[in-house]
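K.L.:
When you get a sec, could you give me coordinates for this:
(one chain, ligands or ions: 1)
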Amino acid sequence: MARETIIAGNWKMNLVLDQAWELIHGLKQELSGKKGLRVVVFPQAPLLPLVADWLEDSFIELGTQNTSSQLQGAYTGETSPFLSQQMGCRYGLAGHSERRELFAESDKIVASKAQTLVELGMRPIVCVGESLAEREANQHEEKIKKQVQAIYQTLPKEQHKDLIFAYEPIWAIGTGKTASAEQANEIHALIRAEIQSQSVELIAHSTPILYGGSVKPESAGELLKKSEVDGLLVGGASLKAKDFISIVQAYP
Ligand code: PGA
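P.N.:
Numbering: from 1, shown residues only. As a prediction, this is how the structure comes out:
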């Protein structure tokens, strides 16, 4: 069974109304669905209902960047995953390194957010990856395995099939330094082996693992050719219609 390819655009805290409309308009004009490919955009929460509307007649899907592990309640300033689901989100990022580093999200918090998304019928994209210091100290494999383990220690077996992972080396995010396609492939294989040891072979085989970190039109094709790379999580280059279109078109 071939794994699907997912190309996701993480807009982060960027794009205001007219910019978001122009980008979506551009993507809709140029992109058409291909078998085995999913394209997902992750706007800021207040944009979700509008973007959902704009994407009504499109194959492009919608995701949320960050949601609470709680469904609703007295959590001022948080975004409800339940409401995001009602707005049309089918995916949610969990454990992006900016959330882990700037907002102190632990492995445990990330796992509980991922679990809430699954329980609502959404697919979490769980981000894992090492810092430059961890890579230089040769601690990257341990770090990544620990992040993967935390997910399987929390989610029960029947939820494993809904997970998606993204390998995002922190040293490559927004820095212009992409991991080489070989480096990405190697770590993806490590993540898949860890999934197999935490779950079962069938799950390890069918779980999509995306690469993220300074993906550009020039690097997308090489990355997508790798056997263990099942898609891309794109930050900066997903904000420009021309670049994101080229990246999506790199899918054969
Ligand atoms: P970048 O961001 O493509 O701008 O490096 C990727 C991400 O943080 O998801």
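
K.L.:
Need the pLDDT of whichever residue of the stretch 1-150 of the chain sits closest to the ligand.
P.N.:
Using C-beta to the nearest ligand atom, the closest approach of the stretch 1-150 of the chain to the ligand is made by residue 10 at 4.2 Å. Placement of C-beta: from N, CA and C, glycine included. Predicted confidence (pLDDT) for residue 10: 98.

K.L.:
Count residues in the vicinity of it, would you?
P.N.:
Neighbour count for residue 10, taken as other C-beta atoms under 10 Å: 26.

K.L.:
Let me know whether it touches residue 239 as I believe.
P.N.:
No: between residue 10 and residue 239 there is no contact under C-beta atoms under 8 Å: 9.6 Å.

K.L.:
quick one, what contacts whatever residue of the stretch 101-250 of the chain ends up closest to the ligand?
P.N.:
Nearest to the ligand in the stretch 101-250 of the chain, going by C-beta to the nearest ligand atom, is residue 235, at a distance of 2.1 Å. Contacts for residue 235 (C-beta atoms under 8 Å, 6 or more residues apart in numbering) come out as 10, 12, 173, 174, 212, 214, 215.

K.L.:
Now the buried members of these.
P.N.:
The neighbour count (16 or more other C-beta atoms under 10 Å) marks 10, 12, 173, 212, 214, 215 as buried among these.

K.L.:
Kindly reformat the residues you listed as CSV containing distance to residue 244 and secondary structure.
P.N.:
CSV is the format used below for the buried ones among the contacts of residue 235 (distance: C-beta to C-beta, whole Å; DSSP: H, G, I helix; E, B strand; the rest coil):
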residue, distance to residue 244, secondary structure
10, 11, strand
12, 14, coil
173, 17, coil
212, 13, strand
214, 14, coil
215, 10, coil
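
K.L.:
Let me know the closest of the residues you listed to residue 81.
P.N.:
residue 10 (17.0 Å; C-beta to C-beta).

K.L.:
and the closest one, how far is that from residue 241?
P.N.:
Separation of residue 10 from residue 241 (C-beta to C-beta, to the nearest Å): 16 Å.

K.L.:
contacting residues around residue 131?
P.N.:
170, 171.

K.L.:
where does this protein come near the ligand, residue by residue?
P.N.:
10, 168, 173-174, 212-215, 233-237 (C-beta under 6 Å from any ligand atom).

K.L.:
From these, which one has the minimum pLDDT?
P.N.:
Pick the lowest pLDDT in those and you get residue 174, at 86.

K.L.:
give me phi/psi at it?
P.N.:
When quoted as degrees, to the nearest 10, the phi and psi of residue 174 stand at phi 70, psi 10.

K.L.:
That one is in contact with residue 236, isn't it?
P.N.:
Yes: contact status for residue 174 versus residue 236: in contact at 6.2 Å, counting by C-beta under 8 Å.

K.L.:
could you list every residue that touches residue 209?
P.N.:
164, 165, 166, 167, 188, 191, 192, 228, 229, 230.

K.L.:
Need the residues you listed in TSV (columns: secondary structure, pLDDT and distance to residue 144).
P.N.:
Shown next, in TSV, are the contacts of residue 209 (DSSP: H, G, I helix; E, B strand; the rest coil; pLDDT from 0 to 100; distance: C-beta to C-beta, whole Å):
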residue	secondary structure	pLDDT	distance to residue 144
164	strand	98	15
165	strand	98	10
166	strand	98	11
167	strand	98	7
188	helix	98	10
191	helix	98	6
192	helix	98	11
228	coil	97	13
229	coil	98	15
230	coil	98	16
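
K.L.:
Format those as a markdown table; extra columns: neighbour count.
P.N.:
Formatted as a markdown table, those follow (neighbours: other C-beta atoms under 10 Å):
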| residue | neighbour count |
| --- | --- |
| 164 | 27 |
| 165 | 27 |
| 166 | 28 |
| 167 | 27 |
| 188 | 21 |
| 191 | 23 |
| 192 | 19 |
| 228 | 17 |
| 229 | 21 |
| 230 | 23 |
